[in-house]
Structure formats: C-alpha cells, structure tokens
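Student: kindly generate the corresponding structure for this input.
(one chain, ligands or ions: 2)
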Amino acid sequence: MKIEIRELTKDYSSCRALDNISITFDEGIHGLLGPNGAGKTTFIRILSTLLPKTSGEVYYNNIKVENKKEIRRIVGYLPQEFSFYPNFTVYETLDYFASLSNINLSKKVALNRLEIVNLQDLWKVKTKALSGGMKRRLGIAVAIVGDPEVLIVDEPTAGLDPEERIRVRNMLSQFGKTKTVLLSTHIVEDIALSCKSLSILNKGRLVYNGTVKDVIKNAEGYVWDLTVDFEKYEQYMDKYNVISSIVDGNKVSLRLLSKEKPSINAFAASPTLEDAYMRLIKEV
Ligand SMILES: Nc1ncnc2c1ncn2[C@@H]1O[C@H](COP(=O)(O)OP(=O)(O)OP(=O)(O)O)[C@@H](O)[C@H]1O
Ligand SMILES: [Mg+2]
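Tutor: Residues are numbered from 1 along each chain as shown. Ligands and ions are numbered 1, 2, ... in the order given. Here you go, the predicted structure:
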C-alpha cells in the first residue's frame, strides 16, 4: 500500500511540530529518524488518525486520512507509550484489543498472532509478569491483530536489550516483506539494519528523504579521523562537532564533522549512517 504525504503541517498552540512535510513510501520498511522533539510521534499520530493535522494531505492509496474508519482497518499502530491491564493474561489482552476494534478473534488466530511475536507459550501469563521486551512484542501482536496492510510503530526498540531489539527488528522485517511498515526511532542502528529508505526529521522539518546508501554517500568528505595531544582536546571539542573521542594516555583519537580538513594530520573517514545523521542534525 502506498502512503502519500503532501505538505503536511501541524501546529500546537505553542509550536510548529511539523513544517510542510512531503514523503511517499510503499511496501517494505521505511525508517523515520530524528532527535527528541523532532516531531516523529506527531507525524505518526496524524498518520494513525489519532491527531488532526493543521494543513496538507495524507493518502493511503487513494483514501484520505480523514476517513478514520477505513484507515483504522488498514493501519496497525504501536504507540510509543502504552500499558496493559496487569491482571489480564496475554491472550485476554489480545482478545480485548481485538474486540475494541470490532474484530472477532478466534482462539486459533489469536495464537497465530502470538506465534508471530514469539509469545505463544506465554498466552496464559498475566501481563504484569512480562518483561519490557515481552510487553513490546505483545504491543506488536495487538497492532497486527487485524492483519493490517500497514504497520506503524513508534520507537518499538526503546529500552530493549540487544537481543530483544534484534528480535523486534526481525519481526518487522518479516512483516515488511509484503506490507508497508513505518518505523520511528532515534536508534540509528535500527535503521541501518532494517530499512532501505528513510526520512530524517529535525525540529519539525524533513532534512533527508531517500535511501540509506545515499545519505551515507552525501556525508563523504565531512567526516574526519585524527589523533591530537590531550591538551588540544578541549579546543577541538569547542570548535567542531565531535562524534567520538577515545583517550589513550596523553593522546586522543577523535572523529569529527567538518566541511574542511580540520588539520594537516586528519584523514578523511568513510562515513557511517550515524555520522551522516549527525551531519544533518548538526547542520554541518
Ligand atoms: N500535545 C502537545 N501539545 C503541545 N506541544 C506538543 C504536544 N505534543 C508534542 N508537542 C511538541 O511538539 C514537538 C514534537 O514532539 P513529538 O513528540 O512529536 O517529537 P518526537 O520526535 O516524537 O520526540 P521523542 O523522540 O522525544 O519521542 C515537541 O517540541 C513537543 O514539545
Ligand atoms: Mg516520540
């Protein structure tokens, strides 16, 4: 399913959270990256019909986002923050959310959804006994309970250990084979390892939209590695956007962003996605 966003703007009473955003994406996983306060949740809540936009258009194929009833049948949504009734079991929770969406869930289908998120063995366990990672996976099961064409997930890997993050990413990749997935995160690694296209938001503006490969390519010539004496460390920290620094005795190995070669001893480094992201956010 194709999602088309045209000149989308959202004003809250105190600030402009989204400023004239235009993006189109379809099947596969599309990443939405940005620092805290960039507008990711606002964007996602508008796409999920939970928040009205100020201006612009959002289409799912040819259906406008204002058709809430239709869109809600198409979209599964995992909020950034959510909670479950602690005394409901995993199965009861899924059944409860299905009934809220007017979905008549057979036990067989419920267990199948739980199998997708690898919780089938815990279907009788109360949600208060689940770990953070298990709760996120149950959240994904709730989001896909109606077998939606589109899955929108807001920071699904925040606070998870590496093993759980890998599990969640693989689940989304599986889903993205045939459906459209929008994954918001501020964890650059999530995007590098699962998305082919991405949008980067900063202060409500779209600062990049394209492939992961191209955003990295655009950062070539802006990332430098160099080793300096410890007494010069602060000078470099003040003058440049330093991405990493490793102190070893009285020397410091730095990686920094700069339009020009920062010193005769600096080497042009191959940018990573994180370097490319930082360059856009820091406007180097
Ligand atoms: N209900 C609201 N009323 C007023 N301002 C809001 C509201 N919700 C968000 N904002 C503001 O809009 C901007 C974007 O917030 P949003 O939550 O969309 O960012 P985000 O990218 O999801 O951040 P995070 O990574 O911290 O989740 C912020 O400046 C925030 O303070
Ligand atoms: Mg958010």
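Student: after the helix or strand hosting Leu254, next one along is what?
Tutor: According to DSSP states H and E, Leu254 maps onto strand 251-257. Elements were assigned by DSSP H and E; along the chain past strand 251-257, the next helix or strand is strand 267-268.
Student: each with direction, which strands does that next one pair with?
Tutor: Strands that pair with strand 267-268, judged by DSSP bridges, come out as strand 223-229 (antiparallel).
Student: quick one: the partner strand to strand 251-257, angle?
Tutor: Interaxial angle, strand 223-229 versus strand 251-257 (axes from the mean of the first three to the mean of the last three CA atoms, to 10 degrees): 160 degrees.
Student: which bits of the chain sit near ligand 2?
Tutor: Proximity of the chain to ligand 2, by CB under 5 Å from the ion, involves residues Lys40, Thr41, Gln80. For glycine as for every other residue, the C-beta is placed from the backbone atoms N, C-alpha and C.
Student: give the contact list for the residue of the stretch 151-284 of the chain found nearest ligand 1.
Tutor: In the stretch 151-284 of the chain, no residue comes nearer to ligand 1 than His186, which is 5.3 Å away by CB to the nearest ligand atom. Residues counted as contacts of His186 (CB atoms under 8 Å, 6 or more residues apart in numbering) are Leu33, Gly34, Pro35, Asn36, Lys40, Glu155, Ala158.
Student: per-residue pLDDT, it?
Tutor: The score at His186 is 86. That number is its pLDDT.
Student: before we move on, what about Ser101?
Tutor: According to the model's per-residue confidence, Ser101 sits at a pLDDT of 86.
Student: what's near enough to touch it?
Tutor: For Ser101, the set of contacting residues under the criterion of CB under 8 Å, 6+ apart consists of Arg72, Val145, Gly146.
Student: now, those residues that are in helices?
Tutor: Arg72 (DSSP state H).
Student: burial count for Glu231?
Tutor: Counted with other CB atoms under 10 Å, the burial measure for Glu231 works out to 9 neighbours.
Student: so what's the nearest residue to it once chain neighbours are set aside up against?
Tutor: With sequence-adjacent residues excluded and distances taken as CB to CB, 6 or more residues apart in numbering, Glu231 is closest to Asn250, at 8.0 Å. For Asn250, the contacting residues are Asp229, Phe230, Glu231, by CB under 8 Å, 6+ apart.
Student: tell me the pLDDT of the second one.
Tutor: Read that as Phe230. 92.
Student: ligand 2 versus the residue lying closest to it once chain neighbours are set aside, what's the distance?
Tutor: If you skip the residues right next to it in sequence, Phe230 has Asn250 as its closest partner in space, 4.6 Å away by CB to CB, 6+ apart. Counting by CB to the ion, to the nearest Å, the gap from Asn250 to ligand 2 is 42 Å.
Student: next: Trp224.
Tutor: As for Trp224, its distance to ligand 2 is 32 Å (criterion: CB to the ion).
Student: what's around that residue, how many residues?
Tutor: Trp224 sits with 22 neighbouring residues when counted by other CB under 10 Å.
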